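A.B. asks: based on what follows, work out the 3D shape:
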Amino acid sequence: MAEFQRAARRSALSSDYVLAPAMGVHRSTVSRVLTGEIRPGAAFIAGALVAFAPLAVQFEDLFEVVEE
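C.D. replies: Take a look at the predicted model:
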């Protein structure tokens, strides 16, 4: 999630209150994903890619796929 947080800072969406609406998710979802309480779901991932589109980041830049 470190790269996700760097992208948020670079895009001026560093606050959960600003980032969540830009991603189309609830603020608590952003907080819970960033603290590791929950895993990012499809809506979170899609929202992040849309919110960070001006930075030209890819899925692989923000997320890591981990097999259970």
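A.B. asks: Q5: what's it in contact with?
C.D. replies: Applying Cβ atoms under 8 Å, 6 or more residues apart in numbering, we find Q5 in contact with S14, L34. Heads up, the C-betas are built off the backbone N, CA and C, glycines and all.
A.B. asks: tell me which element it falls in.
C.D. replies: Assigned by DSSP states H and E, Q5 belongs to helix 2-10.
A.B. asks: chain center to that helix: distance?
C.D. replies: Distance, stretch centre to chain centre, for helix 2-10: 8 Å (Cα atoms, centre = their mean, to the nearest Å).
A.B. asks: at the geometric centre of this protein, which residue sits there?
C.D. replies: Geometric centre of the chain, nearest residue: A48, 4.3 Å, by Cα atoms, centre = their mean.
A.B. asks: isn't that residue right next to Q58, touching?
C.D. replies: No: proximity of A48 to Q58 does not meet the contact threshold set by Cβ atoms under 8 Å, at 10.9 Å.
A.B. asks: may I ask which helix or strand of the protein has the lowest mean pLDDT?
C.D. replies: Ranking every helix and strand in the chain by mean pLDDT, DSSP states H and E puts helix 2-10 at the bottom, with a mean of 91.
A.B. asks: does anything pack onto whichever helix or strand comes after that one? Which helices or strands?
C.D. replies: Sequence-wise, the next helix or strand downstream of helix 2-10 (DSSP H and E) is helix 16-23. The helices and strands touching helix 16-23, judged by 3 or more Cβ pairs under 8 Å, 6 or more residues apart in numbering; DSSP states H and E, are helix 27-34, helix 42-51.
A.B. asks: the helix or strand just after the longest one packs against which elements?
C.D. replies: If you walk from helix 42-51 toward the C-terminus, the next helix or strand you reach (DSSP H and E) is helix 59-62. Helices and strands in packing contact with helix 59-62 are listed as helix 2-10, helix 42-51; criterion 3+ Cβ pairs under 8 Å, 6+ apart.
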